[in-house]
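Engineer: okay, here's the prediction I keep looking at, along with the sequence it came from:
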Amino acid sequence: MPSRVQLILAAVAALFVAACSKEQAQQQPPTPEVGVIVVHAEPVPLVRDASGRLAPTRASDVRARVPGVLQKRIYKEGSMVKEGDPLVIIDTAPYRAALAQANAALEQAQAAATNAKVTADRNRELAKQSLVSRMQLDDSAALERSTAAQVSAARAAVTTARINLGYATVTAPISGRAGQLRVLEGALVGQGEATLLTTIEQIDPMYVFFDQPASKFEELQRAQVSGNVTLAEGNLAEVRLVRDDGTLYDEKGTLDFSDYSVNPTTGAVAFRGRIANPSRALLPGMYVKVRLTVGTINKGFRVPQLAVQRDGEGPYVLVAGADGKIVQKRVETVSVVDNDWIISSGLADGDQVIVDNLQKIGPGMPVKAKVKAPGADAPAAPAAPEKADDAEAAT
């Protein structure tokens, strides 16, 4: 039978063990709560980003077509002009004089032709009575024809003089924005060559030129054959411009042209988009970021940018597993649409992707998942990670 001392010692030991267990329980941190979104496979846009350059849809060099002294600039430099609007005036005095001289020569030729016709007609009547020789008849007929030809030549000279006089008033060949006048008033232009006066560019709509790697589009063609991707046809492919602050330009454009050959130097295919520019905010020569929607990924996932992380092996997301522990999943990112990463592979339908408290958790940790509505109470997305060259993910 244990002594009283032994009982006291046993009681003290029990109390000590209970206190240690309680202290350990107090020191163990609670299971963290994380917000998750449930992702489902759905058709998502297949987007490609590229660097592009803007160009006018039409451009025309305005040149002096006749020589002379530039007297006056009529248009306002940098303003919009319409086709046919007068731009500058070259001294018209020489051309008015040339037109008057041509008209006088025409009148003289017409008078000579009239006299020759009267003589030829009279000789024809006299020839019927054998009152003129055959030679006289032939000579009068030849003179009639010759003077008629002189009238035609004189009319052509009048037309030429009238055209040259019209060229003295230089008009806009197309509608668009007229640039700076390249010569000063009072300068002699068109002497020996067609002097460049200004340039007119049609900037609404605008062209945007950009390239895409040929290898990526070959992979997209294979993906379409396999059924993973549906590519847009012709001008159904949407073209958007991205501003420097990441926002989209208001107007939507379409793919206007794609080359059928590959540049042997760059291995890329040339593309051209067409986009409206009613506000004239886009200027020729500007370099822009182009976002081309080439089609649809038939089964893709949209995940907020803040949920996609990156390490040396590439992008990944953290998923709350069925056992309550965190699982790291490697994903293939394709593009960014409306602050979401488009993911083509790596996720399963119904995965619970963790979207907050990412700095405090890691793979294997137990968590309490709280499902959040997409976009609800979502913190501001950090700068998007450097985009992987994941075009092949669509396949």
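Structural biologist: That came through fine. Bear in mind that the values here come from a model prediction, so they are computed numbers and not experimental data.

Engineer: just the helices in the stretch 201-350 of the chain please.
Structural biologist: 214-226 (DSSP state H, counting those that start in this stretch).

Engineer: below-threshold pLDDT in it: ranges please.
Structural biologist: 234-235 (pLDDT under 70).

Engineer: burial check on the residue lying closest to Gly192 once chain neighbours are set aside, number of neighbours?
Structural biologist: Excluding the flanking residues, the one nearest Gly192 by CB to CB, 6 or more residues apart in numbering is Pro67, at 7.8 Å. Using the backbone N, CA and C atoms, a C-beta is placed for each residue, glycine as well. By the criterion of other CB atoms under 10 Å, Pro67 has 18 neighbours.

Engineer: wouldn't Pro67 be in contact with Ala194 here?
Structural biologist: No - applying CB atoms under 8 Å as the test, Pro67 and Ala194 come out as separate, 9.6 Å apart.

Engineer: coming back round to it: so who does the residue nearest to Gly192 touch?
Structural biologist: Pro67 is in contact with Leu188, Val189, Gly190, Gln191, Gly192, counting by CB atoms under 8 Å, 6 or more residues apart in numbering.

Engineer: ok, what's across the strand from the first one?
Structural biologist: Going back to what we said before, that points to Leu188. The partner list for Leu188 in beta bridges (DSSP bridges) reads Val69.

Engineer: quick check: it vs Pro67, distance?
Structural biologist: For Leu188, the distance to Pro67 equals 7 Å [CB to CB, to the nearest Å].

Engineer: again, but for the third one
Structural biologist: Relative to Pro67, Gly190 is positioned 4 Å away (criterion: CB to CB).

Engineer: the second one too?
Structural biologist: Noted for Val189: a distance of 7 Å to Pro67, by CB to CB.

Engineer: which residue ranges of the stretch 51-200 of the chain form strands?
Structural biologist: 68-73, 80-81, 86-90, 169-171, 176-178, 188-189, 196-213 (DSSP state E, counting those that start in this stretch).

Engineer: now those strands in a markdown table, with distance to Ala322 and mean neighbour count?
Structural biologist: Formatted as a markdown table, these follow (distance: least, CB to CB, whole Å; neighbours: other CB atoms under 10 Å):
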| stretch | distance to Ala322 | mean neighbour count |
| --- | --- | --- |
| strand 68-73 | 78 | 17 |
| strand 80-81 | 64 | 19 |
| strand 86-90 | 75 | 20 |
| strand 169-171 | 76 | 19 |
| strand 176-178 | 63 | 21 |
| strand 188-189 | 82 | 18 |
| strand 196-213 | 40 | 20 |
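
Engineer: so which of these comes closest to Ala237?
Structural biologist: strand 196-213 (11.2 Å; CB to CB).

Engineer: partners of that closest one, with directions?
Structural biologist: Strand 196-213 has these strand partners (DSSP bridges): strand 42-63 (antiparallel), strand 176-178 (antiparallel), strand 268-275 (antiparallel).

Engineer: could I get the ones you listed as a markdown table with distance to Phe217?
Structural biologist: Listed next are these as a markdown table, based on distance: least, CB to CB, whole Å:
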| stretch | distance to Phe217 |
| --- | --- |
| strand 42-63 | 9 |
| strand 176-178 | 33 |
| strand 268-275 | 7 |
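
Engineer: show me the one of those that comes nearest Ala127.
Structural biologist: Set against Ala127 and scored by CB to CB, these come closest in strand 42-63, at 57.2 Å.

Engineer: next, the buried residues of the closest one.
Structural biologist: 44-50, 52, 54-57, 60, 62-63 (16 or more other CB atoms under 10 Å).

Engineer: nearest to Thr160 among these?
Structural biologist: Closest approach to Thr160 among the buried residues of strand 42-63 (CB to CB): Arg63, at 18.7 Å.

Engineer: gap between the closest residue to the closest one other than its chain neighbours and Ser152?
Structural biologist: Ranked by CB to CB, 6+ apart and with sequence neighbours excluded, the top spatial neighbour of Arg63 is Ala194, at 3.9 Å. As judged by CB to CB, Ala194 and Ser152 stand 29 Å apart.

Engineer: now swap in Lys216 and tell me
Structural biologist: Distance from Lys216 to Ser152, by CB to CB: 65 Å.

Engineer: same check on Arg124?
Structural biologist: The spacing between Arg124 and Ser152, counted by CB to CB, is 23 Å.
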